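A.B. asks: sequence and predicted model, in that order:
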Amino acid sequence: MGRGAGREYSPAATTAENGGGKKKQKEKELDELKKEVAMDDHKLSLDELGRKYQVDLSKGLTNQRAQDILARDGPNALTPPPTTPEWVKFCRQLFGGFSILLWIGAILCFLAYGIQAAMEDEPSNDNLYLGVVLAAVVIVTGCFSYYQEAKSSKIMDSFKNMVPQQALVVREGEKVQINAEEVVVGDLVEVKGGDRVPADLRIISSHGCKVDNSSLTGESEPQTRSPEFTHENPLETRNICFFSTNCVEGTARGIVIATGDRTVMGRIATLASGLEVGRTPIAMEIEHFIQLITGVAVFLGVSFFVLSLILGYSWLEAVIFLIGIIVANVPEGLLATVTVCLTLTAKRMARKNCLVKNLEAVETLGSTSTICSDKTGTLTQNRMTVAHMWFDNHIYEADTSEEQTGDSGDASESALLKCIELSCGSVRKMRDRNPKVAEIPFNSTNKYQLSIHEREDSPQSHVLVMKGAPERILDRCSTILVQGKEIPLDKEMQDAFQNAYMELGGLGERVLGFCQLNLPSGKFPRGFKFDTDELNFPTEKLCFVGLMSMIDPPRAAVPDAVGKCRSAGIKVIMVTGDHPITAKAIAKGVGIISEGNETVEDIAARLNIPVSQVNPRADAGPQAPACRLGSPQTRIPPLWGTRATVLRAPGRGGGPPVSLTPSPPPTGRLIFDNLKKSIAYTLTSNIPEITPFLLFIIANIPLPLGTVTILCIDLGTDMVPAISLAYEAAESDIMKRQPRNPQTDKLVNERLISMAYGQIGMIQALGGFFTYFVILAENGFLPSRLLGIRLDWDDRSTNDLEDSYGQEWVSGAASGDTRILIFGLLEETALAAFLSYCPGMGVALRMYPLK
Amino acid sequence: MRRQLRSRRAPASPYGYRYRLDDQDEVNQNYLADEEEEAEEEARVMVVPDLEEEEEEEGQEEEEEEIEEEKEEEEGQGPPTGNAWWQKLQTVSEYLWDPEKRMSLARTGQSWSLILVIYFFFYASLAAVITLCMYTLFLTISPYMPTFTERVKPPGVMIRPFAHSLNFNFNVSEPDTWQHYVISLNGFLQGYNDSLQEEMNVDCPPGQYFIQDGDEDEDKKACQFKRSFLKNCSGLEDPTFGYSTGQPCILLKMNRAPTHREARHPTYTCFYLQRGDENDIRSINYYPESASFDLRYYPYYGKLTHVNYTSPLVAMHFTDVVKNQAVPVQCQLKGKGIINDVINDRFVGRVIFTLNIET
C-alpha cells in the first residue's frame, strides 16, 4: 500500500506501510523537502549579503552578470509537474479495468470464429458479431471515459496561472521592468503594494511594507516586512518576502535569494507535485471493486473452461463458454454509470454554488471524519463587538446581534467606537467637542493607551483618559466612579472588580479597563505642553470608570452547521491561537464543546494535575470532541490521536473566508450511497446472467441467455435504471450515520456482494428461470424434457427435435426463443420508462425521470 | 470475556488508544445489508445493557479484523523478503482461523452459523416459492396439448437415415461406409413393422382426415403405416436399402405437430439445387408412388393420448444418380399453407442434403 504514502491526511495509513526501494528513495527526497527551510540569508548583514551575491546594493547586478546567472539557473518559474502524454491516457482508458477482460473476450471471439471458419463450410457468424460488439463496447466506453477525463483536466489546467508576470528590478543602477521569469538570484528587486513578489527576497529597505503570506502560511493577517532580522526561522523573520505572495501595502527593496523551484513556494509546489496525485477514495474503491470482479470473472471463467473440457466439450465450445462467463460477469455499463453519476452530482453541486474541480473529490467530502476549522472568520464573524460592560458595579449586556457595518482600523478600537456610536451618538462630534491634545499610543510594554482631551464642560481644564489591560489600569487607580461619584477604591470595590473581570474573562471576552482623571486646571491650563515622552502629567491615582469586554461573535449559521456535523459523526476541531478561555467560550458558543464535555483544562482541573500531564484520550469521556486549545505546538497532536482518516480544513488561501456549511458532506455521502445502490443494482444482474451458462454446461439445458443478449442487458436495459439511482434522494438518516472509514467501509464489501449475488441475484435468476421454463413449457418443452437436450437442440442438422407433446421442431424454430427474451427486455425498458415518467410515480415510488 | 481480552491486548498494540476514542461501528454499513441480518444485529444490541461501550468494542474488533483482511488482500504486493512473507502467511492463516478469538474469516462461529441459518431459510423459502410457481405452472398447462403451437406451425421436413449430418458419403464397395445408414434405417423402421402396425393400429379409410372426437384425455387410435408400403425401400426385400448397389433409399418424414389440419395433403417433390447439374439425378422412385402423405394420418392428437402414432413416410429411391461426385438435393413440401422458401431457415418446409456415392 505504498501509494497511500502520499496522503498526508491519513496518518494511520502512512505508519503501516513500506514500499519498494524506488519508493523509499522518493520518500527520502520528499523528506528532504519536508524539512524546515534551511536558509541563512536573513541572518546576514547587508554587507555580507552584498558579498555573498556579489551585488551592489544600490545599483543591482550588471546585465551581463544577470544573463550569466539566468543561463546558469534557468528561468524563474516553477517547473510544471510531468504530464502523461495524451495517447498514454487514452490507452489507459482503453485497456484499463474491465476493458482488458472484454478485449480478451473479443479476441477469443475472433479466434473462435477463425477456427470455425476454417473448420466448417458454413460457419455461423455469431462469434464474429459478438467479437465486433465487444470491441465496439470497449472502444466506445474508453472514448467516453477519455472524453470525460480530458474535460475535467482542461478545467484543472486553467488553475495553473499562479506566477508573477512582471517585476521591477534594478540593474546597473537603472530600474527596469522585466518579465518575472528573467529575475535571477542577486537581483535587486522593488515591490510595492499590489505586486506579487517575483522571487524569494531578502529585504534591504522598506517603507511600511506589508505582505500577505496566506498562500504560504495560511495566516491572513498582513505582515510587516522590514530589513531587521527578527526570528531564527526564515518563515517567521520579517526580512524575507516569499515568491508568489502578495505585497499588500508599502514598498520594499530586496535582494533575490532564490528563484524558481528553489524558492520556498517552489519547494512546496515540488512537494505537492511529487505526491501521488490524489487518488481519491472513490477511485481506490472502484479499483478495488474492479479487481474483485475481475478476479471472480477470471476464476469462474477458467474453472468452467477446465470443467467443460473435463465434461468432454471441445476446445472451441469451452472457449465460447469462457467468453460467455466473462461477459456475464463483467458489468460493462458500470464504469459509464459511475461517470454519469459523478457528473450529475457535480452539476447538482454547481447549482448549490459549490464548484467541483475534480468529480471524485465530491465523494471524499462524504467520508470526512474530522473538520479542522480555523476560528477567525470561519466560525466567527471576524468582527470584534462589545458584548458586555461593567460600570456602576453592574454588568450590562451590549447588543451583539445588530449588523454593524465594519470600518477599517484596529478590531477592538472599531468595536468600541461602534458600541459608543450605538449608545451615545456620533463619536466624531464628541471628538470635535473634546479635542485631543496629546496621546500615548498603545505599546506592549505599558499596555495602555492614553490621551488627553480638552473638556467641553470646563473651558479651562483637561481630562486624561486611559484604556488598557484591566489589572494594569486598576493598579493606577485610587478611586472608582460609581453613580457619577468618585468613591475610594477599597477592598470591597476591588473584589467587585475582580469578580466582574473574572466573569467577563470567563466568557472568553477581551476585557479592557477604562479610567480617567480630571486634570486640575490650575496646574494644567489650556495650552499646557503635554510631553508624552517625559510624562509631565500624572498617570497614577486615576479614577476607574469601568470595563468593556469584546468578543468576535460566532457566525449565526455556525452552531447549526456544527450540530449537523456532529450528528453526522464528523468531529469538528477548532484550530486557534487564542487564549484557551476565549477559545473555549467560542467553542461552547458554536457547540464544538457541548454541555457535559470537558476540555483538557477541565480535566486537568478535575484530576488536579498539570495540563501537560493530561492524556486526553484516556481521561476524556467517550464522546469528547478532543478539542485541545492552546499554543500551535500542542494543536496538532490531538488530530493524530483521533485516527482521523480524512481531514479537511476549510482553506483560507487569501480568498474570502469560507464559512462552515455542512452541505458538501451530505452530497458526498449521497454520492457514495447512490453509487453503492447503482453498483448493487448492476451486480444483481450478474447471477441471472451467469447461472444460465452454468446450467447450460452442467445440466445440458438449451442456453436461455446468449452472450449478445447479456450485453444488451448490461449496456441497454440495465444502464438507465442504474443511472436513475444517482437521482435517488438521500436516506433520511444520511447525516446521522458515522462518516465512512476508508480503511474498512469499502464501496463493495461482502455485505453488498452477499446481497447482490446471494439474495437479489438469486431471486432474479430464479425469476428468469421460471420465465424460461414457463415459455418453453407453454410451447411444448416441459422442464423434464429440457435436461440433457442441449446437444440435439444446438445441432443444426437435427430438424425433428421432439418435445414433451410429440411435436417435432426444426432447429431454427426452437432456438428462436431469443425473440421472447427480446420481448422481455423491451418490457423491462417499458416498465422502467413507465415507472419513471408516469405522473404520480414520483410520489409513490420516489422515481424521477432523467432530465 | 471481551473485556478481558481487551485489557490483555491493549498494551500490545501501540495504536490501541486510537480505537478507544472512536465511536465508529459497523452499524452504519447496514443500510444496504439484508434486513434479516440487520434485524438480528439490532436485536443483539438491545439485549446488551451497556449499549454504547459494547458497540464501540464491537466496532473496534470488527475494524481490526477487517484491517487484517485488507492485509490479506494486499498480499503479494510487498517486497518478497522471507520475513515479510512469513508474517503475511501468518496474517492470512490468522484471518482464516484465529485461534485466540476463535474466528474464521473474520467472523466468529456464531456469526457464521447465523449467516448459514439465515441463508438456509432464505434459500429454503426461495425453493418453496419456485416450487409453488412450478406447481401452478403445471396446473395451468394441459398435458395433452401445448398452450402455444404457432411456433411449430410451418412444418419441418426431416430425412432418415440420420447421422447428425446431412451429407451422405459412402463407398458402395466398402460396407463399412454405409453400414450405419442401414442400421439406422432398420432401427427407425422397427416401429413400422407390419405385424406391429396391424396389432396396435387400425386400418382407416384413406383420403380423409381420421378425426376422433371425444374427451381430450381419451386414448386415440392411430392409423396403420406399414413398412411394406415402402416397397423397395422397406428393407424387406433388400436389407441394405439399396446402399450396396449404389441406389440408396432415403426416407422423408414431416415433423409432427398436433394441429396440422391445414396441411392438406402435402406432397413431396425433390429436385436438384442449382448448384449441381440438372442431369445428376436421372431417376427417383417414390414409395408410396403418390409421393404424398395421406390425410388419414392427420390430425395428430399429441404424444400422451395418440399413443402408437407413427408418422407417415415417403421413401425416395435414388435409382440412378451420378456417382463419385457430390449431388446436392433439395426436397420441398408442397401443399396448401406450407411454407417452403424461407431464405434464412433452410429446414422449414424443405430439406437439403448431399449425396456422394463412390464406386
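C.D. replies: Okay, I see it.
A.B. asks: can you give me the strands in the stretch 101-250 of chain A?
C.D. replies: Using DSSP state E, counting those that start in this stretch, the strands found in the stretch 101-250 of chain A span residues A:166-171, A:174-179, A:188-192, A:200-212, A:223-225, A:240-241, A:246-258.
A.B. asks: do the stretch 651-800 of chain A as well
C.D. replies: Going by DSSP E, counting those that start in this stretch, the stretch 651-800 of chain A shows no strands.
A.B. asks: quick one: low-confidence parts of it?
C.D. replies: Low-confidence segments of the stretch 651-800 of chain A (pLDDT under 70): A:651-667, A:734-735, A:740, A:742-743, A:796.
A.B. asks: show me what from it comes close to chain B.
C.D. replies: Taking Cβ under 8 Å from any Cβ of the partner chain as the measure of proximity, the stretch 651-800 of chain A contacts chain B at A:673, A:676-677, A:680, A:731, A:737-741, A:743-745, A:749, A:751-752, A:754-755, A:758-759, A:762-763, A:766, A:769-770, A:773-774, A:777-780, A:782-783, A:795, A:797-800. C-beta here means a position set from N, CA and C on the backbone, and glycine is covered the same way.
A.B. asks: quick one on the thing from earlier: of the strands of the stretch 101-250 of chain A, flag the one that's most buried.
C.D. replies: strand A:240-241 (a mean of 27; mean count of other Cβ atoms under 10 Å in any protein chain shown).
A.B. asks: list the helices and strands it packs on?
C.D. replies: Judged by 3 or more Cβ pairs under 8 Å, 6 or more residues apart in numbering or on different chains; DSSP states H and E, the packing partners of strand A:240-241 are strand A:200-212, strand A:246-258.
A.B. asks: packing partners for the lengthiest helix in chain A?
C.D. replies: The helix that spans the most residues within chain A, counting by DSSP state H, is helix A:126-157. For helix A:126-157, the contact count by 3+ Cβ pairs under 8 Å, 6+ apart identifies helix A:86-95, helix A:98-119, helix A:315-329, helix A:334-351, helix A:707-712 as packing neighbours.
A.B. asks: out of the residues of the stretch 651-800 of chain A next to chain B, which end up buried?
C.D. replies: Buried subset of those (neighbour count, 16 or more other Cβ atoms under 10 Å in any protein chain shown): A:673, A:676-677, A:680, A:737-741, A:743-745, A:749, A:751-752, A:754-755, A:758-759, A:762-763, A:766, A:769, A:773-774, A:777-780, A:782-783, A:797-800.
A.B. asks: among the residues you listed, which ones are in helices?
C.D. replies: Using DSSP H, these in helices are A:673, A:676-677, A:680, A:751-752, A:762-763, A:766, A:769, A:773-774, A:777-778, A:783.
A.B. asks: need the contact list for the residue of the stretch 101-250 of chain B at minimum distance from chain A.
C.D. replies: Nearest residue of the stretch 101-250 of chain B to chain A, counting by Cβ to the nearest Cβ: B:Gly156, 3.3 Å away. By Cβ atoms under 8 Å, 6 or more residues apart in numbering or on different chains, the residues touching B:Gly156 are A:Asn799, A:Asp800, A:Glu808, A:Trp809, A:Val810, A:Ala813, B:Met254, B:Asn255, B:Phe347, B:Val348, B:Gly349, B:Val351.
A.B. asks: in JSON lines: these, plus secondary structure.
C.D. replies: What follows is these, written out as JSON lines (DSSP: H, G, I helix; E, B strand; the rest coil):
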{"residue": "A:Asn799", "secondary structure": "coil"}
{"residue": "A:Asp800", "secondary structure": "coil"}
{"residue": "A:Glu808", "secondary structure": "strand"}
{"residue": "A:Trp809", "secondary structure": "strand"}
{"residue": "A:Val810", "secondary structure": "coil"}
{"residue": "A:Ala813", "secondary structure": "helix"}
{"residue": "B:Met254", "secondary structure": "strand"}
{"residue": "B:Asn255", "secondary structure": "coil"}
{"residue": "B:Phe347", "secondary structure": "coil"}
{"residue": "B:Val348", "secondary structure": "strand"}
{"residue": "B:Gly349", "secondary structure": "coil"}
{"residue": "B:Val351", "secondary structure": "strand"}
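A.B. asks: list just the nearest of those to A:Ala258.
C.D. replies: If you rank the contacts of B:Gly156 by distance to A:Ala258 using Cβ to Cβ, A:Ala813 comes first, at 83.4 Å.
A.B. asks: quick revisit: which of the helices and strands packed on strand A:240-241 sits closest to A:Gln64?
C.D. replies: Nearest of those to A:Gln64, taken as Cβ to Cβ: strand A:246-258 at 16.8 Å.
A.B. asks: just for the stretch 501-650 of chain A, where's the confidence low?
C.D. replies: A:575-580, A:594-607, A:609-650.
A.B. asks: mind listing the helices for it?
C.D. replies: A:558-567, A:580-590, A:600-607, A:616-619, A:632-635, A:637-641 (DSSP state H, counting those that start in this stretch).
A.B. asks: how far away is B:Arg282 from B:Val322?
C.D. replies: Going from B:Arg282 to B:Val322 by Cβ to Cβ, to the nearest Å gives 8 Å.
A.B. asks: sorry, that was for A:Pro721
C.D. replies: Taking Cβ to Cβ, one finds A:Pro721 at 62 Å from B:Val322.
A.B. asks: the more surrounded of the two?
C.D. replies: The residue with more neighbours, out of A:Pro721 and B:Val322, is A:Pro721; 19 against 16, by other Cβ atoms under 10 Å in any protein chain shown.
A.B. asks: what parts of the stretch 251-359 of chain B come near chain A?
C.D. replies: B:253, B:255-258, B:300, B:302-304, B:306, B:309, B:344-348, B:351.
A.B. asks: measure the closest residue to B:Glu237 other than its chain neighbours to B:Glu218 for me?
C.D. replies: Closest residue to B:Glu237 apart from its sequence neighbours, by Cβ to Cβ, 6 or more residues apart in numbering or on different chains: B:Lys231 at 8.0 Å. Distance, B:Lys231 to B:Glu218, by Cβ to Cβ: 35 Å.
A.B. asks: and those two? Which one has more around it.
C.D. replies: Higher neighbour count among B:Lys231 and B:Glu218: B:Lys231, with 17 against 12, using other Cβ under 10 Å.
A.B. asks: just checking, the more buried one touches B:Tyr287?
C.D. replies: Yes. Checked against Cβ atoms under 8 Å, the pair B:Lys231 and B:Tyr287 is within contact range at 4.5 Å.
A.B. asks: identify the contacts common to the two.
C.D. replies: Common contact partners of B:Lys231 and B:Tyr287 (Cβ under 8 Å, 6+ apart): B:Ala315.
A.B. asks: let me see the mean pLDDT of stretch A:291-304.
C.D. replies: The predicted model assigns stretch A:291-304 a mean pLDDT of 85.
A.B. asks: quick one: buried residues of that stretch?
C.D. replies: A:Ile293, A:Thr294, A:Val296, A:Ala297, A:Val298, A:Leu300, A:Gly301, A:Phe304.
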